[in-house]
Structure formats: structure tokens, C-alpha cells
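>>> The following comprises the amino acid sequence and a computationally predicted model.
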Amino acid sequence: MVETEVIEPAADPGFDAARAEAERLTALILELREAYYGRDESLVSDAEYDELIRRLESLEAEFPALRSQDSPTQRVGAATRSLFSPVVHAERMLSLDNVFSIAEFEAWAARVERDAGRPVRWLCELKIDGLAISLRYDRGRLTSAATRGDGVTGEDVTENVLRIPGIPDRLAGTGHPPLVEVRGEVYFPVAAFHELNAEQEAAGERVFANPRNAASGSLRQKSEGKSAAALDLMRRRLTRLKMLVHGIGAWPDPPVAAQSEVYALLESWGLPTSAHAKTVTSIAAASEYIEHFGEHRHAVEHEIDGVVVKVDELALHSELGSTSRAPRWAIAYKYPPEQVQTKLLDIVVSVGRTGRATPFAVMAPARVAGSVVRQATLHNQDVVKAKGVLIGDTVVIRKAGDVIPEVLGPVVELRDGTERAFVMPSECPECGSTLAPAKEGDIDLRCPNARSCPAQVRGRVEHIGSRGALDIEGLGEVSAAALTQPLVPERPPLETEAGLFDLTLDDLLPIEVVVRDAETGLPKLDADGETVRVTPFRKVVRPARKTQPAEFGPSAAAELLLAELEKAKTKDLWRMLVALNIRHVGPVAARALAAWFGSLDAIRAADRAELAAVEGVGPIIADAVKEWFEVDWHVEIVERWAAAGVRFAIPGHPGPGAAAAAGGVLAGLTIVVTGSIEGFSREGAEEAILAGGGKAAGSVSKRTDFVVAGPGAGSKLAKAEALGIPILDADGFKRLLAEGPAAAKEA
DNA sequence: CACCCTCGAGTTCA
DNA sequence: CTCGAGGGTG
């Protein structure tokens, strides 16, 4: 490059004129570029700008002496005009070998230590799920930014990369080599990604399936032919991108001895490096790093698809060398993929206990984050539209919070034209009633046939048996379905939940259930093509002698269910209230109502204002309670249950208006339980808190006084730590219950 | 009017 | 367990 700075003698008489013209053009171009990149102003059109560059280039071609290192044709400005043109990396961008388990990782690391002949210092860093980028700095100036491409040749994205905050177009400090390629990862921070999608959705634009796609899409935008508004939007997207650098391409003789020192150097040059990189001195510590971020993947601002572990000492890098594909001194530990593609086979609508019609995705079974997923809720028709999925699409799915399957969106490129749009049915799929919003403006559609829609009755019966209500063993999803399905040609054992406590063995014995295949959901067929049926409540008592008909008796499940129903009749009043399925009355509101009024009769007799006066109950819940008692078949439930011996009162309660038992060691405290607590069931721990006069809340907030955490604690514990709320283990909790908050805080 | 909280739904695991 | 929706409270 130095030779271009040697000024040749001006033999040509046109040279002086050319030099004057070149200087004028250079000044103009620099000025325009400063306006464009520095102040976001386009003083001329792109075509005019290109024309200026071309004139300068042709002058320089004619008079090579004019081509100085500082010429705009040699730098960013030139590159920006050829977005996506191929760029040959000075040094090949290698990929990394992968391992998928701690055992594999430790085997790899042990091999490296054996080859090195001594223990190695390791540099652990997060593997960002973004786009690999190579930044080329000539004499400290950014001359090109290119994607990885095939490792040899990438695409020029300089124009867009320059808009990413934090990427200097000129390196700070001194001591940079004449030519250096800095390698890093461009990504969309998760929070910004969600904002972006919300905006895209509001603007009627496509939403991105994940932050990686958003980063890739943003970086590959072209400015040409865009309106001013679109250009503005594009720039805003680019400014939300971020980049972290994690290596250097070509640097034969670095002034440092370790990769971690390279990072410090890069930082001193003004390049952004990750705060999560960490050097450790043992393989076990590296494994710990991997496991730690496996559990806290979501605590980082960007998505992570793994961890990269590098040998820290640079001397060992050259000693260990590289294969043609990847260096031997680094490895990528890949976490199980969180996002996976699968086929959206159908969108089906289900009806829940409240009558709400919910579309859900039926998918080809796919393994995500450790389990097989085949269904995921789509919430309502607006969400289906917003996600833009068509039946037959290949879709991207993930487990939100590592638990709940979620459809992110379609892979539009894989469409073949046979996909069809989902149409929300206008009738209930189970009973045929016309679906309608409960009130004006509601998005959710509901089946109005609350009394006899099979889906709703089934859902309510299941809810009655659930832990938060009467907690009836033997009354779960399967029994609820069996009890509410019609028995050909008779009616179902339960037409509504009113008959629940009148059930007898005679009702249970004849019940048959069609066995369905777990994979397909279709009825199972036996060898003869008959559907397989089982009788969950009946079993053969005495094997029949060959000549005599079989005799049947109740199964253990039948005995259990009847015994549990008997036990349930005298459970707490608040559980009875929850079991009645009154809108907005869950465990918390039910407890408040029960404690205040003491009996269902008192609740029923109370007027709206009296109900709303109860702490935790407002006008809406009060209305819901009043309206519930105005429906005949609701009243019938109460009457038939009462006739069957159900107790709807708290024994010994003095009557309406009884003040909540004041005092207790926990009075005024709000406590949250998370994970499993030794010596307590989850319910038991909450009961103990209530018994002590405290409040057992479901989520952690700054008003929470204590968090009781045990093994298996999740996000609630993390939140408590973040908020600085005192955290108790099982022993601390016991002390709190026995001696009060002062004693617990000391420990 | 914030904020915090509860409700309701779907889902999978031991 | 988590999310969105919507209710309740200070």
C-alpha cells in the first residue's frame, strides 16, 4: 500500500487539472458522507452519489498517483455502494467443532490437556445466537464488514453495520496492526426483538420468528428504492442491533500472550466485548460455567445457543493448530435446541370449562428442549392471524420458559401453495351452539350453552376434582370425561355437576371408555377392527367357570372415587365455592368470602354492596356472585349437593361480618412459596402461612416480605434475589412459623 | 393511574 | 409454570 503514496512526477499536462478535480470530488464526497452517516441526512440521491464516486474512480484509474490511502474510493463510502457484493476474508473464518454433553466436553478438554502436556487455562464465553461478522480495519479504519458466508467469501454489509451502535469506524488508541480482521457476532437483544415484533405487528408488517432472524433480516435490508418513512424504519431497526467481538482473524505477531488479553486489547480499541467471558483454571470449572448458563440462558440480554470454551494461552493455539474446518484449541458446547421446525397439520378449536373457544395448533410430533410437543395453544383467532400461520405451514416452535410449547411463526420460504388459512368456526365444535363474544368488543368467542355443552360440563367436573377445588382423588381428566359422556343409548351418568354427589356404584359400573391412541388421538382398534373399550369402574370379580357368565364388581377406582366423594362433602367452605365455578371466584376470592360470611346461605343473602365490602372482592366479583345465584340450574347444583350431605358452612362461624382472625405471628406478612419445601406439601406450606395470619401470594413483588424457596425453585427465586427479598429455606420457614419474622430474619 | 395481583388456559413431567 | 387479560388496591 505504501507505494501508492509515492507521488509520481506529473508528466501529463492534464494531471494538475485532474488533481484539482479529484480534490474537489473528495471534499464533496467526504462532506456528503459525514452528513449521511453522522447526521442521518441525505443531501443527494444515491444515484448522484454513485456518479460522484464513479467520476473520482475514473480519474484515479487514469492517474494512479491520485489514489491515496485516504481517498473515499478506498474506504467505507465505496463499499457502501455495493451492498452484498462478495468480500474475500483475509483469513478464513473457521467454524467450531461441537459437543453436546458435559461428558463429551470433558473428554475433549482432557485430550487437549494431554496434547499440551500440562493443565490448561480455559476461557469460557457465551455463544451468541446471531450472525457472525468480520470487520476489516485497515490502519485502524473500518474498510469492510462482511458476513461469514462460506468462510472464505462473505457478503458486504458495511453500510448497515456502520449504523449499529458501538461499532467504531475508526479504532481508538494506538498499536493496532496495519490490517486486522475482527470477528464478532451481531445480534438482536431479546427485549428489543419483542419491541420490534410488536411494532411490526402494529404496522401490519411480518413478525420475525426469533431474534436471529430479526438480526439477519435487519442487516440485509437495502436502502435503495425506499420511501423516507421506510428508510427511517430501517435505520431504527439497525440501531437496535448490537455486536460483541470475540476474536481476531489475521494477526501474525500479537503483543499479548492470551486470548483473554486479546479481548482487553480489543476493548481498549473501542470494540465491544462480552461481560460474560471468564477464565478458569480447571475443566470442572469450565463445566460449571456451561451448566450455569444452561440454567440461566434467559437471564442474558441475547439468545444463547451454547458456550464456547477456548484455550486461553495463544502459544498453545499455534501448537495445537487447526484442522481444515476448525481450530483444535476451541470447542462449542451446544445446548439442546430451543427452537425447532415442524409441520402444522391442523388448527383445531377446543372449548374449556368457561365456554371459551380456543384454537390450538396440531403439529407433527417434534422434540423441543427435551420433550415431544404436538400441540400448542394459539389463544384466539387474532393471535392466529398475527402469527401469520397457515394450515400446512412449516412452523417454528419453542418452549416458552422451557415449559410451555409456543408457535412462533411460519417458515414462509417453505410454502408450496397448498397451505390454507384457518377460519374460526361460528359454532361450538362440541355442541353446535353459535359462538359469540360474552360482551361487546371481546376477542374471545364463547359457547353460550353452559348447562349442557359436553365440553363445558366435562371441564367443570374436572375442575371440581382438581387440587385447587375439592381435591378429589380419582376425579381427574379421564374420570370427568367418562362421567359426562353419553352412554349409548342412555344419557350420561352426569348431565351436569348437580348429580355428582348422588353417584352410586350402579351409575359407575356400566361406564365404558374408548381407548385412544396417544400419538394420533384416534380410537384404538383391536385385531378385528373393533374400537377398544375399557371399563374403568368395573372388573371381573370371580373368573367365570367356562359355562357360566362372568361376574363383575367395582374396580378399585370406583371404590376410591365414591370414598373420596364422601370425604369431599365436608371439605372447607372456600373449596365448595371454588367448586361451584363462579366467574372470578378462585381460591383467593373464595377464601375471603368464606371467612367473612361463614356460610353459602349468608353469601347468597348478601347484597352487592355487602359482597363488595369484603377485602379482595370488588364490584365485578360481587356482580358475578349475584348473577350466578340467579340461574336456576346453578341453584339446583347447590340444592342437590346439600341434599346429598354437602356442608356449605364453616362450623362454629359466628356469622356474616366476622373479622378475620387477627394476630398470629405472620400478621401483615406476604409470603411466597416456590420449589419443594422439606416437611411441607406446597398446599401445606400455604395453609401454614394462612394459619399464622399471613398472606400466601402466588407471585413475587416488592411487597413480598419473605420468599420460601426449596429445591426446584425457578424464576420466583431469581426475582426475589433481584428485589433483595429475604429468602428462607425449610428451616428458616419453620422458624418463621414458630417465632415470627424477627427470628427468621436473623438467620 | 400505576402497580400488583388473580384468573384461566394449555401442557408436560415425575 | 407462564402468559395475557382484566380486576382490585393504594
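Great, that's in hand. Residues are numbered from 1 along each chain as shown, chains lettered A, B, ... in the order given.

>>> need the helices for the stretch 401-550 of chain A, in chain order.
Ranges of helices in the stretch 401-550 of chain A, per DSSP state H, counting those that start in this stretch, are A:454-465, A:477-484, A:505-508.

>>> for chain A, what's the longest helix?
Longest helix in chain A by number of residues, with DSSP state H as the criterion: helix A:15-33.

>>> Buried residues, it. List them.
A:15, A:18-19, A:22, A:25-26, A:28-29, A:32-33 (16 or more other C-beta atoms under 10 Å). All C-beta spots, glycine's among them, are computed from the backbone N, C-alpha and C.

>>> Tell me which of the helices of the stretch 401-550 of chain A sits most buried.
Mean neighbours per residue, mean count of other C-beta atoms under 10 Å, is largest over the helices of the stretch 401-550 of chain A for helix A:454-465, with a mean of 23.

>>> Sketch out the strands for the stretch 151-300 of chain A, chain order is fine.
Counting by DSSP state E, counting those that start in this stretch, the stretch 151-300 of chain A has strands at residues A:153-155, A:179-187, A:242-248, A:278-280.

>>> Where among the ones you listed is average confidence lowest?
Mean pLDDT across those is lowest at strand A:153-155; the value there is a mean of 83.

>>> near DNA strand B, which residues of the stretch 551-700 of chain A show up?
For the stretch 551-700 of chain A, the residues in contact with DNA strand B (C-beta under 7 Å from any atom of the strand) are A:583-590, A:670, A:695, A:697-700.

>>> picking up where we left off before, would a markdown table of the strands of the stretch 151-300 of chain A with mean neighbour count and distance to DNA strand C be doable?
Converted to a markdown table, those look like this (neighbours: other C-beta atoms under 10 Å; distance: least, C-beta to the nearest atom of the strand, whole Å):
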| stretch | mean neighbour count | distance to DNA strand C |
| --- | --- | --- |
| strand A:153-155 | 18 | 34 |
| strand A:179-187 | 22 | 19 |
| strand A:242-248 | 22 | 21 |
| strand A:278-280 | 17 | 25 |
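
>>> Turn these into JSON lines, including distance to residue A:657.
Listed next are these as JSON lines, based on distance: least, C-beta to C-beta, whole Å:
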{"stretch": "strand A:153-155", "distance to residue A:657": "75"}
{"stretch": "strand A:179-187", "distance to residue A:657": "59"}
{"stretch": "strand A:242-248", "distance to residue A:657": "59"}
{"stretch": "strand A:278-280", "distance to residue A:657": "61"}
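
>>> Out of those, which gets nearest to DNA strand B?
DNA strand B lies closest, by C-beta to the nearest atom of the strand, to one member of these: strand A:242-248, at 26.0 Å.

>>> Show me where the stretch 101-250 of chain A dips below the pLDDT cut-off.
Residues of the stretch 101-250 of chain A meeting the criterion pLDDT under 70: A:201, A:204, A:206-207, A:209, A:250.

>>> Nearest to DNA strand C: which residue in it?
At 8.2 Å from DNA strand C, residue A:194 is the closest residue in the stretch 101-250 of chain A, using C-beta to the nearest atom of the strand.

>>> For DNA strand C, tell me which of the buried residues of helix A:15-33 show up nearby.
Checking the buried residues of helix A:15-33 against DNA strand C (C-beta under 7 Å from any atom of the strand), there are no matches.

>>> Can you tell me which of those lies closest to DNA strand B?
Closest approach between the buried residues of helix A:15-33 and DNA strand B, by C-beta to the nearest atom of the strand: residue A:33, at 42.5 Å.

>>> Check that closest one and give its pLDDT.
Note on residue A:33: pLDDT of 67.

>>> could you list every residue that touches the residue of the stretch 451-600 of chain A found nearest DNA strand B?
Across the stretch 451-600 of chain A, the shortest distance to DNA strand B (C-beta to the nearest atom of the strand) belongs to residue A:586, at 2.4 Å. Contacts for residue A:586 (C-beta atoms under 8 Å, 6 or more residues apart in numbering) come out as A:468, A:578.

>>> And the pLDDT at it?
On the pLDDT scale, residue A:586 gets 84.

>>> just so I have it, where are all the strands in the stretch 301-450 of chain A?
In the stretch 301-450 of chain A, the strands defined using DSSP E, counting those that start in this stretch lie at A:304-311, A:330-334, A:339-351, A:357-368, A:371-377, A:394-400, A:404-410, A:436-437, A:445-446.

>>> picking that back up, compare the helices of the stretch 401-550 of chain A and say which comes out lowest on pLDDT.
Least confidently modelled of the helices of the stretch 401-550 of chain A is helix A:477-484, at a mean of 85 by mean pLDDT.

>>> quick one: contacts for the closest residue to residue A:294 other than its chain neighbours?
Leaving aside its sequence neighbours, residue A:294 sits nearest to residue A:335 (C-beta to C-beta, 6 or more residues apart in numbering; 5.7 Å). Residue A:335 sits next to A:294, A:297, A:304-307 when contact means C-beta under 8 Å, 6+ apart.

>>> which one of these is nearest DNA strand B?
residue A:294 (16.7 Å).

>>> coming back round to it: who wins for proximity to residue A:570 among the helices of the stretch 401-550 of chain A?
helix A:454-465 (15.2 Å; C-beta to C-beta).
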